[in-house]
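> need the 3D shape of this:
(chains A and B)
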Amino acid sequence: MIDRAQPLGVLTALLLIVLAAAAPALAQPPATNVEDPRLYDVASQLRCVVCQNLSVADSPSEMAQQMRAIVRDRLAAGETPEQVIQYFVDKYGEWILLAPRRHGFNWLVWVAPFAALALGLLLFAIVVRRWTRRRRAHVAATVAPAIDPAMRERIRRELELEEGDR
Amino acid sequence: MKRRSLHWLIPFAALPVLALLAYGFRVNHRDIPSPLVNRPAGTFALTSYSGEAMRLEAYRGRVVVVNFWASWCMPACYEEAPVLERNWRAYREKGVMVLGVDIQDKPEAARKFIDQFSLTFPNALDPSGKVSVDYGVYGVPETFFIDARGNIRAKHVGAVTDDVFRREVDRLLAERG
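Next comes the predicted model:
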């Protein structure tokens, strides 16, 4: 059991080291062009339509500035953040959301990375286990080769004879 | 018994990627799906560069072509400007209206653009970007074809050609009867 657990233990340790190294980066607050937290909350969920993977909150582009102004005006007019987001979804489709909504086919986007990671870890664990087994068998074969039973019997007899002579 | 090797299956892992590439190459990249097609066009009221009111509602009952452009949009907006002007002149007698909405632009540069192509259809600046967001505009140029009942029936991304203009407008005119 200990042998089996060893590669998984190494994997877990590696994963923890990687995550620990990434923690400071994750903890840093995102750069923002928005002071109002409610406005930031909505704008950070919307994709800047003229940028590459930037939110409306983070983009300095004129289009994003105009979109932020629209968000601000709608919130000031009494709309809820959900209603404001829905307004943009009605105009652009769900593409405008940086995080796809969790329903139907979208679940694939949410689940697939974790499933792929789990599958990858499983395959890695299997390969590591095979390697360590093969290596152990090889070491056992070279260090302690199997003794022929006939030879063993001969050694035993010769030892007995030697003891009898004494 | 010796286990049969399944290594020959490995190249088949590339099949889904190849299928995705084949699909991607067959799709027209200008056909960006818009949730607004077949839905009522957002109304707007702007002031044209010639100082007149430009209201979409004023043209209800007519086929309207709304074109989003900018003077910095090179070369697509420069390619389509003569096309729009030519077709506007050809179709205005049939009751077709062409409206230009200039986005994220400087008025001086926009006026120069209008003069350069001698545009005679109304053009107005969208100063707040509200009209472009109302139409789900990603960039310029984008053109919307609106039927006589005020519904968006088609969206074209990129420079409009004579073929595109005539095909869409003729279809909507035929429907109107």
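
> now residue A:88, nearest residue through space, not along the chain?
Setting aside the residues directly before and after it, residue A:88 is nearest to residue A:96 in space (C-beta to C-beta, 6 or more residues apart in numbering or on different chains), at 4.8 Å. For glycine as for every other residue, the C-beta is placed from the backbone atoms N, C-alpha and C.

> swap that for residue B:130, please
residue A:70 (6.2 Å).

> in contact with that neighbour, which residues?
Listed by C-beta atoms under 8 Å, 6 or more residues apart in numbering or on different chains, the contact set of residue A:70 reads B:128, B:129, B:130, B:133.

> which helix or strand contains the residue most central in space within chain B?
With distances taken as C-alpha atoms, centre = their mean, the residue of chain B nearest its centroid is residue B:143 (2.1 Å). Element membership of residue B:143 [criterion: DSSP states H and E] is strand B:142-146.

> pLDDT score assigned to the residue nearest to the centre of chain B?
If you check residue B:143, the pLDDT there is 97.

> same question, residue B:3
So residue B:3 comes in at 63 (pLDDT).

> the residue nearest to residue A:88 touches residue A:43, doesn't it?
No: counting by C-beta atoms under 8 Å, residue A:96 stays clear of residue A:43, with 11.5 Å between them.

> pretty sure the residue nearest to the centre of chain B contacts residue B:76?
No: between residue B:143 and residue B:76 no contact is recorded; they are 10.8 Å apart, counting by C-beta under 8 Å.

> can you tell me how far the most centrally placed residue in chain A is from residue A:107?
In chain A, the residue lying closest to the centroid (C-alpha atoms, centre = their mean) is residue A:117, at 5.7 Å. Separation of residue A:117 from residue A:107 (C-beta to C-beta, to the nearest Å): 16 Å.

> tell me the residue in chain A that is farthest from the middle.
Using C-alpha atoms, centre = their mean, the residue of chain A lying farthest from its centre is residue A:165. It sits 71.2 Å away.

> re earlier: ok, how many other residues are close to the residue nearest to residue A:88?
With neighbours defined by other C-beta atoms under 10 Å in any protein chain shown, the count for residue A:96 comes to 23.
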